[in-house]
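Peer 1: Please find the sequence and the predicted model below.
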Amino acid sequence: MNIKTAFFLLLLICTPYLCFANGNDIIPFLGFELFLIVSFLVFTINIKLNRKAKLSLVLTFIISNGLALMLTSDLPYSKNILLINSITLGLPILALLLNYVILKRYYAEWSSKKRLNVERNE
């Protein structure tokens with residue numbers, strides 16, 4: 001089994017857990033969620049951070065999705081479509097952007113301090 005097949009199998013297994021209702025109302029939400037997952041993967045692969053920082057971003061994504069699921073699991077989907085979609089899509093995006101800004105600032109300061117130490121030692 002190649003990586004693409006395993007990824008799509010995992011995606012198909014996880015998809016029912018994202019559903020809050022039956023019917024046509026959920027289809028756009030699943031499309032948005034799929035777009036969020038794919039854009040997260042592309043973003044994580046293409047950024048220039050080390051593996052620890054990327055792992056931190058992955059954990060942030062997983063935790064924020066879990067938190068969004070906990071916040072919206074008791075709400076009826078048909079009555080709270082906008083709220084559920086906003087929380088489920090917005091919370092992971094905001095958490096990732098905040099974590100990315102913090103990590104970028106931290107690693108920029110760390111690399112500048114490292115450069116200063118190397119220059120002083122020479």
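Peer 2: Right, received. Where do you want to start? Numbering: from 1, shown residues only.
Peer 1: Where do the helices of the chain begin and end?
Peer 2: 3-14, 26-46, 51-72, 81-121 (DSSP state H).
Peer 1: pLDDT on the third one, on average?
Peer 2: Read it as helix 51-72. Regarding helix 51-72, the rounded mean pLDDT is 88.
Peer 1: buried sites along it?
Peer 2: Neighbour-count burial for helix 51-72, with 16 or more other CB atoms under 10 Å as criterion, is recorded at A53, S56, L57, T60, F61, S64, N65, A68, T72. Where C-beta positions appear, they are placed from N, C-alpha and C, glycine not excepted.
Peer 1: can you redo the residues you listed as CSV with distance to Y107?
Peer 2: Shown next, in CSV, are the buried residues of helix 51-72 (distance: CB to CB, whole Å):
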residue, distance to Y107
A53, 7
S56, 11
L57, 12
T60, 15
F61, 19
S64, 21
N65, 25
A68, 27
T72, 33
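Peer 1: which one among those gets closest to L98?
Peer 2: T60 (8.4 Å; CB to CB).
Peer 1: wait, what's in contact with the closest one?
Peer 2: Taking CB atoms under 8 Å, 6 or more residues apart in numbering as the criterion, T60 is in contact with A95, L96, N99.
Peer 1: most surrounded residue in the residues you listed?
Peer 2: L96 (20 neighbours; other CB atoms under 10 Å).
Peer 1: least reliable of the helices of the chain going by mean pLDDT?
Peer 2: helix 3-14 (a mean of 71).
Peer 1: Just give the number of residues close to L49.
Peer 2: There are 15 residues near L49, going by other CB under 10 Å.
Peer 1: Can you report how many residues neighbour S73?
Peer 2: By the criterion of other CB under 10 Å, S73 has 9 neighbours.
Peer 1: typo on my end, D74
Peer 2: By the criterion of other CB under 10 Å, D74 has 7 neighbours.
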